[in-house]
Structure formats: structure tokens, C-alpha cells
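Asks: Test case, fold it:
(chains A and B)
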Amino acid sequence: MSDSRLAPGRATKWIILLAVVAIFLVPIVSMLLFTLRSGEGGYGLGHWLGLGDPANAGKYRPIWTGLGNSLALAVVTVAIVLVLLAPTMILVTLRFPRLRRPFEFLCLLPISIPAIVLVVGLTPIYLTIGRSVGTGVWTLAFAYGVTVLPYAYRAIQSSIDAVDVKTLAEAARSLGAGWLTVLVRVLAPNLRGGLLAASLISIAVVLGEFTIASLLNRQNLQTALFLVSRQDPYVAVALALLALLFAFLLLLVIGRFGAGAKALAGKKNPTN
Amino acid sequence: MTVATAESATAGAELPARPRRRPSLAVAGLLPFTAYVAIFLGLPTVLAVASGLFTDDGAFTADNFAALGDPVILQGFWNSGWLSFVTAAVGAIVGALVCYAMLGFRHDGRVRSLIDAASGVLAQFGGVMLAFAFIATLGLQGLVTLFLRDAFGIDLYADGAWIYELPGLVLPYIYFQVPLMVITFLPAMTGLKPQWAEANLTLGGTRRSFWFRIGFPVLAPSFFASFLLLFANAFSSYATAAALSSQGSPIIPLQIRTALTSETVLGRENLAGALAFGMILVMAVVMGLYALVQRRAARWQS
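Replies: Below is the predicted model of the structure:
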């Protein structure tokens, strides 16, 4: 598909790519080497091995707590995306096509409202929530649902655009399916690419969130990493590397999934 | 009066048989999400701005907004704007170059999906972990710092530890701006039609004339739109700066942190609200411009 008239020359493209990749690898390599430093100026695996050492368990406890909290937050956030956002998007597509633009605007709005601004307004709201529902960390997921809204919206919408939702829903309805059946057994499987991508990107965003948790005094993975880095920077950096690797693999899976779906669509539609 | 209401009530009970009842049910379906967004997006935004506009007693005051004219805060806005502009410009240019290189690779190939995934990760990388990365690289004991010192005798920090101050934010910010540019600009770049290049050749044009007469003009709106998005991204970024500079508040998000965590700054209450309002104003202008430019950019994308 690469067109020789538009595309850069073989040498040019590799030079640009390799130069940028090399520069971007420097901080990653620095992190890796940093974790391999041992006390006496040499290198060793000491800090990585110390991760599993029970003697350090107390020191690293905030990280496991934070990781647990972040995973719980990720689950609740994904639930918000799948149970609240996705059905509403389908409803808008089926019944209120005119609301599509305003709805899109609403969903993309959080991009233009910085998290730090939201925090200023969320502080009193979470005081109220703390009094009525409790100060459980999972309540933060309501705020995270808003932060992931633009990403989740884009992922799901591209899936909705690719599938003829209307015909599918009408066909299922005329065969006697109730709305819940239509939603869960007909539309959800057809939109699974978008739903999966939306869930994975939400997980990635939640695992990386620092601003809201830190200013509302809740513990999550990032605030714990920050805390532990004050005592043991080596371990904090090692865990940051692992988190980075995890996110990279996650997005690679999304990308492969998307490419697979596109390739499939291309096969079905030979004019493409 | 009572008769009329009774009549309309019975009419209302009889009428909804066909056309009315189902739409109202569908409208009810919109309610949960609308309520959610109202409580967790609308309300916080309004509260943030209102807390700058009103005193704790509920009386209206413009007092806090006078704070926006304070030299420290003006300097903060200037620093934020300057930092966002520089990193967005560098990020946009380097990112566009990467997109250009990507034209040479198959769109479903391995290189492309690796770059896609890496861009996705690194664009979200900002924050505590990015701060760690740059401390490990350019910190006082960082890899590059030590390398420059041992190999070339260059002392990066002869003038002080600038990595923990405003200039130290430039490189980390560029580190998440470039991948964001790749994500936002690549669709426009791949939207360039090979037919245009062919038409250009048929009409006797060269590769150079293609880029200057067709490529750049067609891509310019998308490029500018992406630049604005990068600017907004840097302007609203908090976590990286918060993790890197624990003392001093050179940029507005950090000044909001200070205002939130300490009771009174500059002798004013609710300063955070006023600062948040200032940020929203800037973001509204930038995103408004973005929407305008994006509309123009969409003309060439199908």
C-alpha cells in the first residue's frame, strides 16, 4: 500500500524513525540502568531481587495497597464505561440521531477541562460523598469515568460507525427480542472491538492517574510510587518500568485487535 | 381550573398510547448518563469557577479575580503558556516528521503497530513515572549527566539544578508531546491521496512541488489543529510537574496545588477557584480555535 510517490525514501524513513526511537529510548534505558545500580558503584540485580524479599514487605506495602486500589478503580471505571456510557451511546444512535453532535461534544469536553480544575470542584463533592457513601477509594472511579470519557467515546463510536447498529437492532426486535437481549446478545458482541479497546484504554488511564488521587488524598498506584520513591527510588523506578511495559503490551494488544478487525473488514469488502 | 387540569390529566392518560410513550421511555434512558455527567463533570466545573466568584458566605465577590493580576500569578500564566508553546511546537514538528516516515511503512505492518502502541503508552506516560525517567536520565546522578561529565567534562548543572525548575520541564513535556502528535496527526498524513501525487506528476510537477503546492497546504489545518491540542495538553498537565518540582510553583497547575493545600495564599481565600477559572478561559480559547481549525481540516479527510 505504501506509495512510492508520497512516501519518503527507504533511507529517509529509517533515519527519521531510528533517530526518534533512539532518543526516546534514552530515558527508558536510563531507568533500567538506574535500577541495576548497586551500592558500590557497580551493577547488579539486587534491587529487582529485593522486590520479592519479605524483609522489605513493610517498606513496599503502600505499593501493593496502591496497586490493589488502582485495579479496583479500573474495574469500577470499566463498569461505568460499559454499563453507563456504551448503552447511552447506542440509545443515542438508535433513537436520537440528532443528539449525536451535542453528545459527542459532551463526551470530548473533559479534554478541555484540566484534571487540576476538576479537582478544585471535586473537593467539596467528595466531602459530601465521604459523609454519605463513605471514603472508600472506589468512589474515585466516578471521577475517573469522566477522565476516560473522551477516549472511551472515540473507541466505542468508531465501532458503532463500522456496524449497522440500526438494522441489527430492528432485526432482533422483529424476531421478538427485548431491549436487554438486543443490547447484550446482539449489539455488544458486534461492538466488542470498540468495547474492548475502550476498556483497555480506560485501564491504562486509570493505572496512570495521579492528579486527582493525590489532591483528594486517596492512595492509588501512582501516589504510592511517588511515596515509595522518597525512601527507595530504585524500587519505585523498577515498578514504573514494569507498569510501562504492561501498558505497552496492553496497547499492542488493542492495536493488533484493531488491525485484525480492519483486515477482516477488508476481506469482506474486496473493493477496499 | 380544576376541571381543566382534570381534563388534561385524563387526556394525558389516554393519549400516550402510540407515539408519546416510547420516546419518553427512551428519554428516560438518557437520564442516568446525563445525571452522571452533570454531577461529576458539570458540577465540579461550576463549583471550581463559583468558588472563585463567591466568598464562603455566598456573597458575590470579584476580589479573587483581582488576584489574577498579581505579578506572581501573571508570571505563572506566562510560564505555563511559554512552556506549552515551546513543547507543543517542538512536539508538533518532530511528531510530524515521524508521521512522514510512517508513510513509508505498511499501515497494517509490524512497525506501524509497534509505533502506534508506543505512542499510545508514551502519550499517557506523563506523570510520576516520567519524572522518574528524567531524574534517572538527567538528574544529578543521571545516566546522561554522568556520561557528559565523564566523557566530555561538561557539567550540566554548573548553573544549578535546573531540572527541578521550569526549564527542567521542557524535555519531559516534549517526551509526551511527540507521541501525542503522532497519534493525532497520523490520520491526516495517511489521508493524503496517492492520486494527488500522481496528478501532480502528470502535470509535470516534482516531488518538491507536490509538498509545497499540495501536501503542506492540505495538511496545514490539521497540523495547526494538532498543535493546539498539544498546547492544551501541556497547559493542563499537572502530574509531571508535581512530581519533578516539589518546591516552588512556576506554573499555574502547581499554583493551584499550593492554593488548595495551604489555607490562604496572598491573603485570599478561594484563590484556587480564580486560578481554575483563568485556566478554563485559556483552555476555552484554545479549544475553540481547535474546533474552528479542525472543521477546516475535515474538508480534506473523507
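
Asks: How about the backbone phi and psi for the spatially closest residue to A:Ala238 that is not a sequence neighbour?
Replies: Using C-beta to C-beta, 6 or more residues apart in numbering or on different chains and skipping the chain neighbours, the partner closest in space to A:Ala238 is A:Thr35 (4.3 Å). From N, CA and C alone the C-beta is placed, and that goes for glycine too. Per-residue torsions, A:Thr35: phi -70, psi -20 (degrees, to the nearest 10).

Asks: quick one: B:Ser249 is in a strand?
Replies: No - using DSSP: H, G, I helix; E, B strand; the rest coil, the secondary structure at B:Ser249 is coil, not a strand.

Asks: Flag every buried residue along stretch A:144-158.
Replies: Under the neighbour-count criterion of 16 or more other C-beta atoms under 10 Å in any protein chain shown, stretch A:144-158 has A:144-157 buried.

Asks: Between these, which sits nearest B:Val72?
Replies: B:Val72 lies nearest to A:Thr147 out of the buried residues of stretch A:144-158, by C-beta to C-beta, at 29.2 Å.

Asks: Can you tell me the SS state at the closest one?
Replies: A:Thr147 is classified as helix under three-state DSSP.

Asks: ok, so what distance separates it from B:Ala259?
Replies: Applying C-beta to C-beta, to the nearest Å, the value for A:Thr147 to B:Ala259 is 21 Å.

Asks: Same check on A:Lys59?
Replies: According to C-beta to C-beta, A:Lys59 and B:Ala259 sit 33 Å apart.

Asks: what's the answer for B:Phe227, then?
Replies: Using C-beta to C-beta, B:Phe227 is found at 30 Å from B:Ala259.

Asks: Repeat that for A:Tyr43.
Replies: For A:Tyr43, the distance to B:Ala259 - C-beta to C-beta - is 44 Å.

Asks: who's more crowded, these two?
Replies: Shown here are A:Tyr43 and B:Ala259; by other C-beta atoms under 10 Å in any protein chain shown, B:Ala259 has more neighbours (25 against 10).

Asks: so that one touches B:Leu271, yeah?
Replies: Yes - with contact defined as C-beta atoms under 8 Å, B:Ala259 reaches B:Leu271; the gap is 4.3 Å.

Asks: and the stretch 151-272 of chain A, which residues reach chain B?
Replies: By the rule C-beta under 8 Å from any C-beta of the partner chain, the part of the stretch 151-272 of chain A lying against chain B is A:201, A:204-205, A:208-211, A:214-215, A:222-223, A:225-226, A:229, A:233, A:236-237, A:240, A:243-244, A:247-248, A:251-252, A:254-256, A:259, A:262-263.

Asks: For A:Pro62, which non-adjacent residue is closest in space?
Replies: Distance criterion C-beta to C-beta, 6+ apart; nearest residue to A:Pro62, sequence neighbours excluded, is A:Ala224 at 4.3 Å.

Asks: Go ahead and name everything in contact with the helix or strand B:Ala241 falls within.
Replies: Assessed by DSSP states H and E, B:Ala241 sits inside helix B:239-244. Contact partners of helix B:239-244, identified using C-beta atoms under 8 Å, 6 or more residues apart in numbering or on different chains, comprise A:210-211, A:214, A:222, A:226, B:126-128, B:130-132, B:134-135, B:163-164, B:168-169, B:172-173, B:176, B:250-251, B:253-254, B:257.

Asks: change it to 6 Å
Replies: Outside helix B:239-244, the residues within contact range by C-beta atoms under 6 Å, 6 or more residues apart in numbering or on different chains are A:210-211, A:226, B:126-128, B:130-131, B:169, B:172, B:251, B:254.
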